[in-house]
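> need coordinates for the below:
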Amino acid sequence: MAKGLRRITIGGELYEYSDATKDVALQREMIDIWNGKRGKADACMNWHCVIRNSKLFSHPVLAVSVIKTRVFIITRPGTAKRIGHAVRYTIPRAESSRIGRHDAKGVAELGVLILRAPRGDAKSGADHGGGSSGPKNKTGKRDHPLAKGEKARLLVAVGAMNQST
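Numbering: from 1, shown residues only. So this is what the prediction gives:
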């Protein structure tokens, strides 16, 4: 797998994906809302909007998968010898809220759908600080706190052992 590529399953098939490099602004129209099926990643109003405006993208648009916070545009289908490829865009928080309202209540709005090239922590390969954290103890090693409820179970167990002796 090439550096910077991640994998995702879309419609039961595995695709490598890379991040988009430019934002794309699409005009959502009433036809997209009418034809859209709420909650369907492969037929929602934003899916129709992306397909209808496919010429605005700098890469091929063969298929689209839209979820509340991300859009994956398939640019190359998979074959028996090669995995397919998709480009990932993010959806701004305000638009994600509108999508959630539409999926829950059927309320949709005309307007501009902005697909953003992932930035900062949203970028593929970004360092999310997954290393150990927290203060070091006297030996220079990190203290590992007990899992939720584990301390209470230990206190009960020690109390039961103290009563039996």
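> give me the next element, helix or strand, following the helix or strand encompassing residue 95.
The secondary structure element spanning residue 95 is helix 93-105 (assigned by DSSP states H and E). Toward the C-terminus, helix 93-105 is succeeded by strand 111-115 as the next helix or strand (DSSP H and E).
> pLDDT on that next one, on average?
Here the mean pLDDT over strand 111-115 is 88, rounded to a whole number.
> list the neighbouring strands of it plus their orientation.
The pairing partners recorded for strand 111-115 under DSSP bridges are strand 24-28 (antiparallel).
> what's the next helix or strand after the strand it pairs with in contact with?
Note on strand 24-28: by DSSP H and E, the next helix or strand toward the C-terminus is helix 30-35. Identification of contacts with helix 30-35 by CB atoms under 8 Å, 6 or more residues apart in numbering yields 45, 46, 48, 49, 52, 108, 110. The way it works is simple: take the backbone N, C-alpha and C, and place the C-beta from them, glycine included.
> repeat that for 7 Å
Surrounding helix 30-35, the residues in contact under the criterion CB atoms under 7 Å, 6 or more residues apart in numbering are 45, 48, 49, 52, 108, 110.
> against which helices or strands is the helix or strand that it is followed by packed?
On the C-terminal side of helix 30-35, the nearest following helix or strand under DSSP H and E is helix 45-52. Helices and strands in packing contact with helix 45-52 are listed as strand 24-28, helix 30-35, strand 63-66; criterion 3 or more CB pairs under 7 Å, 6 or more residues apart in numbering; DSSP states H and E.
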